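A.B. asks: predicted model follows, preceded by the sequence.
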Amino acid sequence: MSEALLECAGLDKRFGGVLALAEIGFSIHRGEIYGLIGPNGAGKTTLFNTLTGIYPCDAGGFSFAGEPLAGLRPDQIAARGIARTFQNIRLFGNLSAMDNVMIGRHVRTRAGVFGAILRTRATLEEEAAIEKRSPELLGYVGIAARANDVARQLPYGDQRRLEIARALATEPKLLALDEPAAGMNATETLELEKLLQRVRADCITILLIEHDMKLVMRVCDRVLVLDYGRKIAEGPPREVQCDPRVVEAYLGGAA
Amino acid sequence: MNTFAKARSKWVGVALIAIALIALPFALASVGTAWVRIANFAILYTFLALGLNIVVGFAGLLDLGYIAFYAVGAYAYALLASPHFGLHLPFWVILPIGGLVACVFGVLLGTPTLKLRGDYLAIVTLGFGEIVRIFLNNLSRPINITNGPQGISRIDPFRFGSFNFSRSETIFGLTFSGPIKYYYILLALLLLAILVNLRLQHSRIGRAWEAIREDEIAARAMGINTTHIKLLAFAMGASFGGIAGGMFAAIQEFISPESFVLVESVMVLSMVVLGGMGNVWGVVLGAVLLSFVPELLRYTVAPVQHALFGRTIIEPEVIRMLLFGLALVLMMLYRPAGLLPSAVRKRELARTNGSAE
């Protein structure tokens, strides 16, 4: 359990003169649910975007399963086994739920133009496997009945689940979720919690940005707290909760 | 209807269409050989439109310089099968070469434009199309490669041993004129192109194209190498254009830069848009309509006016433009996603309308 999957050291990210992330260092162990919290604008999503290759980092770096990943493209990082969801849902809105998940299989399949045109046996077998696996994933997140619905027209909670299914389709080692419970009601959040536990039980490590502190307290093994782009605390949620700097960041300093 | 009957009625339908397509050139020839040529050009344009559909319809990359690839293919054929360089390679060798050369040009155009989308991409591709045409016009000095504005003439027709596609022949009492022979080979290639389009659309690559069209950032995060996939779209589309260009050169036996002007690019794009971007059958319909209707007008407008008024009041060309404008307006109003829209495109446009309200 204690072996590090993702290790991040001295990570800086600047936007012009703004230091959005300053010397961020942490490590995520295999099989844990690692929370990332902090007030709005603390740099959580920036850290996510840096870890998934959408932004290049300006200093420092991170390694995943022992391999340095800083500087790689998002698709290369996805291929190494980090999959993510987005805070403002970014599904392929006009495609069906099933198509969304099938696209997630892209990175684990190989068929090229000639395979597609000639319909070689390898391609047909691969397609059959994709068509078998995709509904399974929809079932896994609990939206099997929605397979043929257009993604954009799904209820909000189902869109969040579909994003998770699509991310899982890439067979990640680390699943990075950006506020998956945002906008969910209590029942939906509870179901999400069950889903997260099930994903963890299937040996997928989770990195979770979340504002729902009750959820964070219940599911996370450890959390990292950011404020103004700096790491201010790290540890088990109960300890972090009592850390005076964390309290100050959330509630403001004693006047 | 049970599945068996359904399958049977489907096959009956396919058989009827096949018979109609086989009989078509003879029916057209009885009206006039010109109509067989028009049908051949309709097939060529459909072929082109299918290629452009890969770029515009599947991958969502607006390309206004598509005719450049057609030009590249046509010139590749002309240079390798005409007295200009004294080369006379057989057509089944040159057509793939033309496709490959156009494919290289597709990658050349694609590489610098990877970060562009929408209007910006359209402008750059438009410029690319013009650059290619201007090059063709001026590459006659210092070494005469393209023969400049005079173009290249006496291009070899398709030939298969002693079987010459440009000559008339009588088999079993049926006269197969040159255009009729071309019709069949063009039709065969078109069917192949349709098959390739359909198979690409429902494949891993086709889905990746859809993904980058929908949301490029999400596509990258899902592990799609957007650079690779976009270049693939440009390359595939360009190859179609190149092959069509080769066929064009062989049928015409003469080409010049004049055939590859911007209006041609716009025409092919109109076919794709009118028919329904992203839907193979829609694109075929759009291309056939836009190829035949202007010709129908050419043959009817003047005679009808003569019969009614004794002289030509409005030129066919003017009527054609008027009808184009009218069709454009009607389409915007009633079928913004095309005559036979793809389901996905329809939803995209429905959303745009919805959010505008």
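C.D. replies: All right, it came through fine.

A.B. asks: helix, strand or coil for the closest residue to chain B within the stretch 51-200 of chain A?
C.D. replies: Closest residue of the stretch 51-200 of chain A to chain B, CB to the nearest CB: residue A:107 (2.8 Å). Yep, even glycine has a C-beta here, placed from its N, CA and C like the rest. State at residue A:107, reduced to three classes by DSSP: H, G, I helix; E, B strand; the rest coil: helix.

A.B. asks: and the gap between it and residue B:237?
C.D. replies: Applying CB to CB, to the nearest Å, the value for residue A:107 to residue B:237 is 24 Å.

A.B. asks: cool, residue B:164 as well?
C.D. replies: Distance of residue B:164 to residue B:237, given as CB to CB: 31 Å.

A.B. asks: so residue A:169 sits right up against residue A:135, yeah?
C.D. replies: No - the pair residue A:169 / residue A:135 is not scored as a contact, 11.2 Å apart, by CB atoms under 8 Å.

A.B. asks: how far does stretch A:181-196 sit from its chain's centre?
C.D. replies: 15 Å (CA atoms, centre = their mean, to the nearest Å).

A.B. asks: residue B:164 and residue B:237: which is more packed in?
C.D. replies: A direct count of neighbours by other CB atoms under 10 Å in any protein chain shown for residue B:164 and residue B:237 places residue B:237 higher, at 29 against 15.

A.B. asks: wait, a strand at the more buried one?
C.D. replies: No - counting by three-state DSSP, residue B:237 is located in no strand; its state is helix.

A.B. asks: what's the closest non-adjacent residue to residue B:265?
C.D. replies: residue B:67 (4.2 Å; CB to CB, 6 or more residues apart in numbering or on different chains).

A.B. asks: any idea how many residues pack against the one you found?
C.D. replies: Count around residue B:67 with other CB under 10 Å applied: 29.

A.B. asks: ok, now residue A:104?
C.D. replies: Residue A:104 has 31 neighbouring residues, counting by other CB under 10 Å.

A.B. asks: what's the pLDDT at it?
C.D. replies: What the model reports as pLDDT for residue A:104 is 95.

A.B. asks: endpoints of stretch B:138-145, how far apart?
C.D. replies: With CA to CA, to the nearest Å as the measure, stretch B:138-145 spans 9 Å from end to end.

A.B. asks: go through it and flag the buried ones.
C.D. replies: B:139, B:145 (16 or more other CB atoms under 10 Å in any protein chain shown).

A.B. asks: and for stretch A:72-88?
C.D. replies: For stretch A:72-88, a neighbour-count test (16+ other CB under 10 Å) marks A:72-75, A:77-86 as buried.

A.B. asks: what ranges does the stretch 251-357 of chain B have for its helices?
C.D. replies: Along the stretch 251-357 of chain B, counting by DSSP state H, counting those that start in this stretch, helices occupy B:262-275, B:280-309, B:316-334, B:343-356.

A.B. asks: so which of those helices is the most packed in?
C.D. replies: helix B:262-275 (a mean of 22; mean count of other CB atoms under 10 Å in any protein chain shown).

A.B. asks: on that earlier part again, what's the residue nearest to residue B:265 in contact with, if anything?
C.D. replies: By CB atoms under 8 Å, 6 or more residues apart in numbering or on different chains, residue B:67 lies in contact with B:129, B:241, B:260-262, B:264-265, B:268.

A.B. asks: and with 7 Å instead?
C.D. replies: Neighbouring residues of residue B:67 by CB atoms under 7 Å, 6 or more residues apart in numbering or on different chains: B:129, B:260, B:264-265, B:268.

A.B. asks: same deal with residue A:231?
C.D. replies: With CB under 7 Å, 6+ apart, residue A:231 has these contacts: A:24-26, A:224.

A.B. asks: near the residue nearest to residue A:147 when sequence neighbours are not counted, how many other residues are there?
C.D. replies: Among residues not flanking residue A:147 along the chain, residue A:98 sits closest, at 4.4 Å (CB to CB, 6+ apart). Close neighbours of residue A:98, defined as other CB under 10 Å, add up to 21.

A.B. asks: picking that back up, looking at residue A:169 and residue A:135, which one has more neighbours?
C.D. replies: More crowded of residue A:169 and residue A:135, by other CB under 10 Å: residue A:169, with 27 against 16.

A.B. asks: so who does that one touch?
C.D. replies: Going by CB under 7 Å, 6+ apart, residue A:169 touches A:101, A:104-105, A:134, A:137.

A.B. asks: give me phi/psi at it?
C.D. replies: Main-chain dihedrals, residue A:169, degrees, to the nearest 10: phi -60, psi -20.

A.B. asks: model confidence at it, what's the number?
C.D. replies: 96.

A.B. asks: how about the strands of chain A, start to end?
C.D. replies: For chain A, applying DSSP state E gives strands covering A:4-15, A:18-29, A:33-37, A:59-64, A:67-68, A:82-84, A:174-178, A:205-209, A:222-227, A:230-235.

A.B. asks: pick the most buried one from those strands.
C.D. replies: Of the strands of chain A, strand A:82-84 is the most buried (mean count of other CB under 10 Å), at a mean of 28.

A.B. asks: who's in contact with that strand?
C.D. replies: A:48, A:51-52, A:64, A:167, A:170, A:172, A:174-176, A:178, B:221.

A.B. asks: worst mean pLDDT among the helices of the stretch 251-357 of chain B?
C.D. replies: Of all these, helix B:343-356 carries the lowest average pLDDT, namely a mean of 65.

A.B. asks: which ones are touching the residue of the stretch 51-200 of chain A closest to chain B?
C.D. replies: Contact analysis of residue A:107 by CB under 7 Å, 6+ apart lists A:78-79, A:170, B:222-223.

A.B. asks: quick one: low-confidence ranges for chain B?
C.D. replies: Scanning chain B for pLDDT under 70 picks out B:1-2, B:351-357.

A.B. asks: who's in contact with the nearest residue to residue A:33 once chain neighbours are set aside?
C.D. replies: Nearest non-adjacent residue to residue A:33, counting by CB to CB, 6+ apart: residue A:206, 4.5 Å away. Applying CB under 7 Å, 6+ apart to residue A:206 gives the contacts A:33-34, A:175, A:177, A:196, A:199-200.
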